[in-house]
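>>> what shape does this take:
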Amino acid sequence: MKKVLYSIILSVSLVLIFLLIYVTFLSHCSSADCYTSMTDLQQDTKEGQDWQIHTHDENNSTIIVAPHGGGIEPGTTEIARSIANKSSSGFYSFSGIRPSNNRQLHVTSTNYDEPKAQEMVQQSLRTVTIHKTKDSASDIYIGGRDDKLKHNIKETLQDKGFNVTIADKNISGNSVHNIANQNKNNAGVQIEISSSFVQRFFESGNINRTSRENTNNWTATMDSFTSAVSNGISK
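As a prediction, this is how the structure comes out:
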């Protein structure tokens, strides 16, 4: 009888320990990145099940990047692809494709050592990365170390009537370790778009996968924004 009771207590204890570890993991992932690098992420997850990499014109001297594409920061893949198409630039997107919990696939840009992204960016002269931010004081924040390109894009966006602010603090994009700044000039541009503003890029504000991948659901705001960024790149 004692052995049975001991086994039950042991089993319950193991279940509770597992649940505690799981809850702690989820709590950590909700407030910070689950992985310290893309190397760690790719070793722990599966391509085609958790994520996919999409590229086009990999050797272009200008590369548009959605490092947190797909369901990680919904809408950024589509925005980056549209800019790349309009500006005849290369395109890279790391896209979360899980049914849920894609946010766990977020790795901060200063730890972004994904090999294909590094290969494409490092051979380029100009880089523009597209992100979303919870900050909402402005619709668009622009940062990075390429001051000339940053100024040109800011100017063309403002000409289209967009509310643009120079990014600072944690979204400044100024670190030399940021994937945006790892091109041949060690200087790129990081564009952060307010999450609430991105909804205006898609009909009815619907940013689920089916909606955002259907170009018929892209709004005039999306077209105006991506055209403005493209024009800034071409100046």
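
>>> isn't residue 78 right next to residue 212, touching?
Yes - Residue 78 lies in contact with residue 212 (Cβ atoms under 8 Å); the separation is 5.3 Å. C-betas here are computed from N, CA, C, even on glycine.

>>> look at those two and report which has more neighbours.
Neighbour totals were compared for residue 78 and residue 212, and residue 78 leads with 27 against 24 (other Cβ atoms under 10 Å).

>>> SS state for the more buried one?
Following DSSP: H, G, I helix; E, B strand; the rest coil, the label given to residue 78 is helix.

>>> so who does the spatially most central residue of the chain touch?
Here the mean C-alpha position of the chain is nearest to the C-alpha of residue 68 (Cα atoms, centre = their mean), at a distance of 2.4 Å. Taking Cβ atoms under 8 Å, 6 or more residues apart in numbering as the criterion, residue 68 is in contact with 76, 94, 96, 105, 106, 131, 132.

>>> how close does the last one sit to residue 68?
Spatial separation of residue 132 from residue 68 under the definition Cβ to Cβ, to the nearest Å is 8 Å.

>>> intersection of neighbour lists for these two?
Here residue 132 and residue 68 have residue 76 as joint contacts, going by Cβ under 8 Å, 6+ apart.

>>> break down this structure into its helices, ranges please.
Ranges of helices in the chain, per DSSP state H, are 2-31, 38-44, 76-87, 115-122, 147-159, 195-198, 209-213, 220-234.

>>> name the helices or strands packed onto the third one?
Going back to what we said before, that points to helix 76-87. strand 51-56, strand 62-70, strand 90-96, strand 126-133, helix 220-234 (3 or more Cβ pairs under 8 Å, 6 or more residues apart in numbering; DSSP states H and E).

>>> residue 196 and residue 228: what is the separation?
19 Å.

>>> which one's more surrounded, the two?
residue 228 (24 against 12).

>>> my guess is the more buried one contacts residue 155, does it?
No - because the distance of 9.2 Å does not satisfy Cβ under 8 Å, residue 228 is recorded as not touching residue 155.
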